[in-house]
Structure formats: C-alpha cells, structure tokens
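Novice: Just to be clear, the model below is a prediction. Sequence and coordinates:
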Amino acid sequence: MTTSIFVNIPTADLDRSKAFYEALGYAINPMFSDDNAACVVVDENVYFMVLTREFFQTFTDKQVTEPKTHAQALIALTCDSREVVDATMAKGLAAGGTEPRPTSDLGFMYSRDLEDPDGNILEFFFMEPAAVEQGPDAFLAEQGAGSPSTSA
C-alpha cells in the first residue's frame, strides 16, 4: 500500500495562495479544488490542501492559529541539490514569499526557509546522500569537519 500525505494549511486569500504555489512549480488539481480549498500537487504522494481559514476551522474544534505570528507546523521538503534549493527560493521570493531566517549550511545539509504570503513555513533542503547513508556525524568526520553541533 502506498501512503500519501495531505498537509492542510490555512489561507486568507485562496487565489493568492494558488498563484504562489503554482509559481513554485506545483500544479493545482481542479478535481479537489473549489472556492474553499485548493489541492496543491507537490508530487505523486504529497499534497498541500490550502484551505480558507473558515473552511479550515470546520476540521477542528481547536483555535486556528495565525501563521504570520504563530508556528503550527514547519513543512520540510527535500530538493535534489543546493542549486535546486536556491532556485526554488528565488521563485518563492519572486511570487511574494519571504525568507524569515538566514540560510543554514551544516556541511551535510543545506536549507532555506520560505514563508508563503500567509506565513506558513516551507523549508527546502538538500542533504548529502552519503550523510543520509552514514549519518551526519560519520559523514562530517569523513570530510574532516566536526559534528553538526560544533560545525554550524
């Protein structure tokens, strides 16, 4: 059985959100989109359901936080290279996103955070394949660097 993930995120402006995610290179699946929601296809098993705040509220009895001031989730997405991280960020920034934190380069992992226009945080990152296989400490030791906690 294949598992898919649907990440639900709120928006104050559905049309703006659809344009932003399309600018990142993602498609909108019209079969699962309407005036309350847009199904953003990240890949064949990963989707963002961008929901109007009012519609989002119907799925929970808890208070929906304001993503511009409160973090509920940090959505991390892998990229094939550092260059793809930077290119994706450039698209997101040009489409109205912001970069809330400086770039993080730990030697084995390179990441950048992008806030969509609503404040939802996407982290685009590249991890060296050898670090995935060996673990970050072994990879850095092989490279002659310290552990992630001492090399940042």
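Specialist: Structure's in. What do you need? Residues are numbered from 1 along each chain as shown.
Novice: What's the local residue count around Glu123?
Specialist: Burial of Glu123 is recorded as 16 neighbouring residues (other C-beta atoms under 10 Å). Every residue, glycine included, has its C-beta placed from N, CA and C.
Novice: and it, what helix or strand is that in?
Specialist: Glu123 is part of strand 121-127, with elements assigned from DSSP states H and E.
Novice: so how far is that strand off the chain centroid?
Specialist: Strand 121-127 has its average C-alpha position 6 Å from the chain's average C-alpha position, going by C-alpha atoms, centre = their mean, to the nearest Å.
Novice: Next secondary structure after the helix ranked longest in the chain?
Specialist: If you go by DSSP state H, the chain has its longest helix at helix 82-94. Remark: after helix 82-94, the chain's next helix or strand is strand 104-105, criterion DSSP H and E.
Novice: Sheet partners, orientation included, of that following strand?
Specialist: Using DSSP bridges, strand 104-105 pairs in its sheet with strand 109-115 (antiparallel).
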